[in-house]
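Peer 1: this is a predicted model, with the sequence first.
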Amino acid sequence: MTEVAQLLVNGLVAGTILAVPAIGFTAIYAVLRFPNFTVASHATIGAFAGYVANTAGGFPAWAAVGVAFLVAGVAGVINDEVVLKPLRPSGALTAAIAAVALTIALENVIRFIWGNDLRGYALPLRRDWQWAGLRIGPQQVENLVIAAVAMGALFLFLAFTRTGKAMRAVADNPTLAGIKGINAEMVARLVNFVGMGLAGIGGMLLGLDTSIDPLTGFRVILSVFAAAVVGGLGSIPGAVVGALAIGVAEELSLLSLAPAYRTAVGFVAILLVLTVRPRGILGERAF
Amino acid sequence: MENYLIAMATFAGLYALLALGLNLVWGMTGMINLGLVGFYAFGAYVSALLTKKAGWPMPAGLLAAMLLTAAAGVLMALVTARLRGDYLAIITLGFSEVVRIVASNEIWLTNGTDGISGIPGPWRGQVSPAAFNLIFLVIVSAAVLVVFAALQRVRHSPYGRVLRAIRDDDQVAAVAGKPVIAFKVEAFAVSAAVLGLAGALYGHYTSYIAPEGFVPLISIYIVLALTAGGTGNNVGAVVGAFLVVFFLESTRFLTGGLPGLKPVQVAAVREFLIGASLIVVLRFRPYGLIPERIPRYATPEGR
């Protein structure tokens, strides 16, 4: 029983962290209507930006996460402006193909600079907390808080600011938003900044748990897709629910599967959801 | 030098098979497959395991590889057939990762990351290595010719016309009474079979397969081959495959001469160039070297 409870706790922590890049992926999808696979490379970019801030700049983890957000966000805007935006008129799938190529190119920029070695953040050593037989690390709790703060800030931004409302309007109905005078291009830049910034935070939070290398983002991409699809592609609350579901499912799979299969759980979840309820838990129609 | 050229021609043939398979779904039907390398790997493992561990003859292994890869394709196409193309993109990309995870972890079956060695090849060991390479080049060329002829036939047939109609607007095709989902699933299955065949041939050629031989970069090679050659065009797919092999080899020589770089950096420069060139081609030459020419048919009025 304690084992299951422990896995549930781990799953909820992992799911909360996974929700951050999943929101990024689904938000960009909601506005720009193509699956932007470069969340993988931007998660890696964020992880390395945070790594530099943490080890060379001496920032504590929570401040380095801010650097991860900014660098990944700015990189996201530039990459979209230069590479993906000109291709979007050729169709969503062409843009998706280009995104895969761009992810590989960016990953290799990181590899060129830092090589393939695993790198760890400079973190203070702290003892795990124990309570009723359950165990949780202070770093896990810190990551959980960072993820929750990032998501809370995003919800406030989308719900209460003018720009946030403009973003939701474009996602909801681009033509109508255009008639109301909302500048779709500015919104596209903004969603890239925020979405890729969140991917960067996600990459760094994942790295804080273990270590980082040029494939950090790519390794988690299947879980990110799964979270977004299970929750409903294009729905931000859906991404959160989906991420929690995938996080818990991945941990519970450890009861019967080898740890290496954790990410395969996401793939099975995608197949199941698309068969039974393609729009996901909270999404709109999927065809 | 001769051996080198023969080996490169064999690889170009394998890539041509992959590009032809991709052309059937992406170029002709407008469905995306971003997990090409997963199907390639799946076919390679099926045939390698059946011929090496179960002692099947090679043709039976190839056939089984094609059938099982097609079955995997049918599953994915069916699940996403009614949905927007984005879902197929996500699911195929996911599939390629799952194949790699399974191949790396089911050690009892696939020998894990150590890979499978000693995969039988036609007359391997009975003839000199040079002769074996030549024999294999002939086999691959024959496979390319057969697949090319068959797909060319599809392209010029009413069947191919329906596929193009689905690509351009699947609602119109459905209104015209075409069973769109059946067409999509069939096209995806045949394409997957071709990808599986290429993978199986690869395993028998190199005699060794391992999960790290099936990286996502290979999918990029193939999309690059098809896009550079001319999407929708079977000739373009084959020409593009040869161009890509030539390009890959030239970057090997060029980056080999870069002074002061560590091996990992040289590899990074090459992979970057491959990703970047696909983006450049998509941007500036979206129709490729040999753009698709849609076959024309005489109408009753003569035009």
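Peer 2: The structure has been received and is ready for your questions.

Peer 1: count the neighbours of the closest residue to chain A within the stretch 201-303 of chain B for me.
Peer 2: Closest residue of the stretch 201-303 of chain B to chain A, C-beta to the nearest C-beta: residue B:275 (3.4 Å). Just so you know, the C-beta spots here come from the backbone N, C-alpha and C atoms, and that holds for glycine as well. Residues within reach of residue B:275, counting by other C-beta atoms under 10 Å in any protein chain shown, total 25.

Peer 1: okay, and it sits in which element?
Peer 2: helix B:263-284 (DSSP states H and E).

Peer 1: separation between the nearest residue to residue A:254 once chain neighbours are set aside and residue A:1?
Peer 2: Of all residues not flanking residue A:254 in the chain, residue A:7 sits nearest, at 6.2 Å (C-beta to C-beta, 6 or more residues apart in numbering or on different chains). Going from residue A:7 to residue A:1 by C-beta to C-beta, to the nearest Å gives 11 Å.

Peer 1: run the contact check for stretch A:112-128 versus chain B.
Peer 2: Yes. Contact between stretch A:112-128 and chain B, assessed by C-beta under 8 Å from any C-beta of the partner chain, occurs at A:112, A:115, A:116.

Peer 1: quick check: buried residues in that stretch?
Peer 2: A:112, A:114, A:121 (16 or more other C-beta atoms under 10 Å in any protein chain shown).

Peer 1: could you export that stretch as PDB, CA atoms only?
Peer 2: Extracted in PDB, the C-alpha atoms of stretch A:112-128 (Å, rounded to 0.1, in the frame of the first residue of the first chain):
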ATOM      1  CA  PHE A 112      28.600  21.300 -30.500                       C
ATOM      2  CA  ILE A 113      29.000  23.600 -27.500                       C
ATOM      3  CA  TRP A 114      28.600  21.200 -24.600                       C
ATOM      4  CA  GLY A 115      29.200  17.800 -26.000                       C
ATOM      5  CA  ASN A 116      27.300  14.600 -25.200                       C
ATOM      6  CA  ASP A 117      28.400  14.300 -21.500                       C
ATOM      7  CA  LEU A 118      25.800  14.300 -18.800                       C
ATOM      8  CA  ARG A 119      25.900  17.400 -16.700                       C
ATOM      9  CA  GLY A 120      24.400  18.100 -13.300                       C
ATOM     10  CA  TYR A 121      23.300  21.300 -11.600                       C
ATOM     11  CA  ALA A 122      25.100  22.600  -8.600                       C
ATOM     12  CA  LEU A 123      22.600  21.900  -5.900                       C
ATOM     13  CA  PRO A 124      22.900  21.900  -2.100                       C
ATOM     14  CA  LEU A 125      22.800  18.400  -0.600                       C
ATOM     15  CA  ARG A 126      19.600  17.900   1.400                       C
ATOM     16  CA  ARG A 127      18.100  14.900   3.200                       C
ATOM     17  CA  ASP A 128      14.800  13.600   1.900                       C
END
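
Peer 1: quick one: mean pLDDT for that stretch?
Peer 2: Stretch A:112-128 shows a mean pLDDT of 89.

Peer 1: off-centre distance for that stretch?
Peer 2: 20 Å (C-alpha atoms, centre = their mean, to the nearest Å).

Peer 1: likewise for stretch B:238-247?
Peer 2: 13 Å.

Peer 1: what's the average pLDDT for that stretch?
Peer 2: In the prediction, stretch B:238-247 has an average pLDDT of 95.

Peer 1: could you find the closest non-adjacent residue to the residue of the stretch 1-150 of chain A found nearest chain B?
Peer 2: Proximity of the stretch 1-150 of chain A to chain B (C-beta to the nearest C-beta) peaks at residue A:105, 3.4 Å away. With sequence-adjacent residues excluded and distances taken as C-beta to C-beta, 6+ apart, residue A:105 is closest to residue B:275, at 3.4 Å.

Peer 1: residue A:6 too?
Peer 2: Residue A:6 sits nearest to residue A:134 (C-beta to C-beta, 6+ apart), 5.5 Å away.

Peer 1: ok, that neighbour - how many residues close by?
Peer 2: 14.

Peer 1: same check, this time on residue A:209
Peer 2: 14.

Peer 1: the one 10 residues further on now?
Peer 2: The burial metric for residue A:219, expressed as a neighbour count using other C-beta under 10 Å, is 15.

Peer 1: now do it against residue B:190, distance only.
Peer 2: Relative to residue B:190, and taking C-beta to C-beta, residue A:219 is found at 32 Å.

Peer 1: any idea which helix or strand carries residue 31?
Peer 2: You didn't pick a chain, so chain A it is. Going by DSSP H and E, residue A:31 is part of helix A:2-32.

Peer 1: my question was about chain B
Peer 2: Residue B:31 belongs to no helix or strand when assigned by DSSP H and E.

Peer 1: just to revisit the earlier point, confirm that the residue of the stretch 1-150 of chain A closest to chain B sits in a helix.
Peer 2: Yes. Using DSSP: H, G, I helix; E, B strand; the rest coil, the assignment for residue A:105 is a helix.

Peer 1: so what's it up against?
Peer 2: When contacts are counted by C-beta atoms under 8 Å, 6 or more residues apart in numbering or on different chains, residue A:105 touches B:271, B:272, B:275, B:276, B:279.

Peer 1: list the contacts of residue A:136.
Peer 2: Counted by C-beta under 8 Å, 6+ apart, residue A:136 has contacts A:9, A:13, A:128, A:129.

Peer 1: phi, psi for it please.
Peer 2: Main-chain dihedrals, residue A:136, degrees, to the nearest 10: phi -150, psi 140.

Peer 1: for it, give the beta-bridge partners.
Peer 2: residue A:129 (DSSP bridges).

Peer 1: do you know how far it is from residue A:127?
Peer 2: As for residue A:136, its distance to residue A:127 is 11 Å (criterion: C-beta to C-beta).

Peer 1: give me the buried positions along stretch A:215-222.
Peer 2: For stretch A:215-222, by 16+ other C-beta under 10 Å, it's A:216, A:217, A:218, A:220, A:221, A:222.

Peer 1: of the residues you listed, closest to residue A:189?
Peer 2: residue A:217 (21.4 Å; C-beta to C-beta).

Peer 1: what segments of the chain are helices?
Peer 2: This is for chain A. Secondary structure of chain A (DSSP state H): helices located at A:2-32, A:39-55, A:61-79, A:92-114, A:138-160, A:162-172, A:174-179, A:184-209, A:216-231, A:236-252, A:262-276.

Peer 1: that's the other chain; I wanted chain B
Peer 2: B:2-22, B:36-52, B:58-80, B:85-105, B:107-110, B:129-156, B:158-168, B:170-175, B:180-206, B:216-229, B:234-256, B:263-284.

Peer 1: mind checking pLDDT for residue B:82?
Peer 2: On pLDDT, residue B:82 comes in at 85.

Peer 1: number of nearby residues for it?
Peer 2: The burial count for residue B:82: 14, using other C-beta under 10 Å.

Peer 1: would you mind listing what in the stretch 151-287 of chain A touches chain B?
Peer 2: A:218, A:221-222, A:225-226, A:229, A:233, A:258, A:260-261, A:263-264, A:266-267, A:270-271, A:274-275, A:278, A:286-287.

Peer 1: going through those residues, which ones are buried?
Peer 2: Applying 16+ other C-beta under 10 Å to these flags A:218, A:221-222, A:225-226, A:229, A:233, A:261, A:263-264, A:266-267, A:270-271, A:274, A:278, A:286 as buried.
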